[in-house]
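K.L.:
I would like the atomic coordinates for the input below:
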Amino acid sequence: MPSSTITDPSAPMAARPLAPFAVSLGDPAGIGPEIVAKSWVMREARGLLPFFAVGDAASLRKVWTGPVETVSTPEEAAAMFDSALPCLQVAEAGDITPGAPSIDGARTAFQALEVAVGLARSGSAAGIVTAPVGKEQLYGVGFTHPGQTEFIAERCGVAPHNAVMMLAGPSLKVVPITIHIPLADVPSVLTIDLIRARAITTAKGLQRNFGIGRPRLAVAGLNPHAGEGGALGREEIDIIRPAVESLQAEGYDIIGPLAADGMFHARARETYDAALCMYHDQALIPIKTLNFDEGVNITLGLPIVRTSPDHGTAFGIAGKDCANPGAMMAAIRMAAEASRARLTHGC
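P.N.:
Down below sits the predicted model:
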């Protein structure tokens, strides 16, 4: 039996080997299969712990000539990880054409996600890493959630507002307070309670998944120059500042609202562990500018570890052997780090 599945009851929790990680392949016509295969090739160079693909093995063979072995259990996957990329087969996707998403492919992606979550919830997998999906196709097979994050939260019994999306890279961690809504709707959606909930989950997530004992949070303003004392908007005065001050009164290390245009240069980033931003692009533009090939989406507030590369399906380059696996490898590595941190802190 490989060392990756041996548990020594006398060993400290943080030192015990982890179960392998379940990596759902996402849309089989996207770049998910390619970047998962490339990650396996780079497993030793990047120090990746054992993982296995969940999806249709044919999608891997379509874009890669390396060794793929179908498995029935995570234990089988761990046993063969050194010699082949293990794949836990779910429903076949039919005739896969890279770059051409289909309903059959979406159905396979949906089932792969469901299986991966179940394995993590049962403890058979140490956590899950999700490759990108095409939501337009998923909606055609009965998927009703805004994204994979909300689906995973529901399966874990967590309310959607308590599952927080953090984008993390080597030099920056950001949390968007609002996510996939029109920019025009952001001011009406922002509330003191929403900001407080996101900030508290972020602080706890930094402790639980990154081992940061006393997280430092910086909160961006909504308007230019953080509203200029109300001259450019009152959201900072009426919503953001009261939320920050209430958290400060409870002992959280949090500052803001700050002018967003001055929050992301190198010296500013040294003053906080995570930046809370008011809307999608305010958070994602700096993280993708600084850490495009290493950005990881990690979901905070879940009972399981879940990460994902911070990019989409890239149907336009699927099957051309030019997809960069950097973000997928970073996601697998961060899943392992989060799992270790949870063991270290007993949570």
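K.L.:
Please identify the residue most distant from the middle of this structure.
P.N.:
residue 231 (37.2 Å; Cα atoms, centre = their mean).
K.L.:
Would you mind measuring from that residue to residue 38?
P.N.:
51 Å (Cβ to Cβ, to the nearest Å). No exception for glycine: its C-beta is placed from N, CA and C like everyone else's.
K.L.:
what's the answer for residue 132, then?
P.N.:
Distance, residue 132 to residue 38, by Cβ to Cβ: 15 Å.
K.L.:
Name the SS class of residue 290, please.
P.N.:
helix (DSSP: H, G, I helix; E, B strand; the rest coil).
K.L.:
Residue 77 now?
P.N.:
Residue 77 ends up helix, using three-state DSSP.
K.L.:
wait, doesn't it sit right on residue 19?
P.N.:
No. Taking contacts as Cβ atoms under 8 Å, residue 77 lies outside contact range of residue 19: 9.4 Å.
K.L.:
more crowded one of those two?
P.N.:
Neighbour totals were compared for residue 77 and residue 19, and residue 77 leads with 30 against 23 (other Cβ atoms under 10 Å).
K.L.:
circling back: who has more neighbours, residue 132 and residue 38?
P.N.:
residue 132 (26 against 20).
K.L.:
I'd assumed residue 34 was in contact with that one.
P.N.:
No. Using Cβ under 8 Å, residue 132 makes no contact with residue 34, being 11.6 Å away.
K.L.:
Tell me where the stretch 201-347 of the chain has helices.
P.N.:
Per DSSP state H, counting those that start in this stretch, the stretch 201-347 of the chain carries helices over the ranges 235, 241-249, 266-269, 280-291, 326-344.
K.L.:
Name the stretch among those that sits most buried.
P.N.:
Mean neighbours per residue, mean count of other Cβ atoms under 10 Å, is largest over the helices of the stretch 201-347 of the chain for helix 326-344, with a mean of 23.
K.L.:
By mean pLDDT, flag the weakest helix or strand of this structure.
P.N.:
Across the helices and strands of the chain, mean pLDDT, DSSP states H and E gives its lowest value to helix 135-139, namely a mean of 88.
K.L.:
Alpha carbons of that helix, as PDB, please.
P.N.:
The C-alpha coordinates for helix 135-139 follow below in PDB (Å, rounded to 0.1, in the frame of the first residue of the first chain):
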ATOM      1  CA  LYS A 135     -22.500  27.300 -17.600                       C
ATOM      2  CA  GLU A 136     -24.600  27.800 -20.700                       C
ATOM      3  CA  GLN A 137     -24.400  24.100 -21.500                       C
ATOM      4  CA  LEU A 138     -24.900  23.200 -17.800                       C
ATOM      5  CA  TYR A 139     -28.200  25.100 -17.700                       C
END
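K.L.:
can you pull the buried residues of it?
P.N.:
For helix 135-139, burial by neighbour count (16 or more other Cβ atoms under 10 Å) applies to 135, 137-138.
K.L.:
which of these lies closest to residue 106?
P.N.:
Set against residue 106, the nearest of the buried residues of helix 135-139 by Cβ to Cβ is residue 137 (3.6 Å).
K.L.:
show me what contacts the nearest residue to the closest one once chain neighbours are set aside?
P.N.:
Using Cβ to Cβ, 6 or more residues apart in numbering and skipping residues adjacent in sequence, the residue nearest residue 137 is residue 106, 3.6 Å away. Neighbouring residues of residue 106 by Cβ atoms under 8 Å, 6 or more residues apart in numbering: 27, 133-134, 137-138, 140-141, 143.
K.L.:
cool, residue 72 as well?
P.N.:
Residue 72 touches residue 88, counting by Cβ under 8 Å, 6+ apart.
K.L.:
I'd like to know how far it sits from residue 115.
P.N.:
The gap separating residue 72 from residue 115 is 12 Å, by Cβ to Cβ.
K.L.:
Mind listing the shared neighbours of the two?
P.N.:
Applying Cβ under 8 Å, 6+ apart, one finds that residue 72 and residue 115 are jointly contacted by residue 88.
K.L.:
which element follows the helix or strand harbouring residue 174 toward the C-terminus?
P.N.:
Per DSSP states H and E, residue 174 falls inside strand 173-176. Next helix or strand after strand 173-176 toward the C-terminus (DSSP H and E): helix 186-189.
K.L.:
what comes into contact with that next one?
P.N.:
By Cβ under 8 Å, 6+ apart, the list of residues contacting helix 186-189 reads 178, 181, 222, 233, 235, 278-279.
K.L.:
Can you point out the buried residues in it?
P.N.:
Those would be 186-187, for helix 186-189 by 16+ other Cβ under 10 Å.
K.L.:
gap between it and the chain center?
P.N.:
Computed by Cα atoms, centre = their mean, to the nearest Å, the chain-centroid distance of helix 186-189 equals 25 Å.
K.L.:
same deal with stretch 274-294?
P.N.:
Between the centre of stretch 274-294 and the centre of its chain there are 13 Å (Cα atoms, centre = their mean).
K.L.:
Ok, stretch 119-126 next?
P.N.:
17 Å.
K.L.:
which stretches of this structure form strands?
P.N.:
For the chain, the strands defined by DSSP state E occupy 21-24, 51-55, 68-71, 85-89, 128-130, 164-168, 173-176, 216-220, 253-258, 274-277, 296-300, 306-309.
K.L.:
Quickly run through the sheet partners of the shortest one, with directions.
P.N.:
Within its sheet, and counting by DSSP bridges, strand 128-130 is paired with strand 21-24 (parallel), strand 306-309 (parallel).
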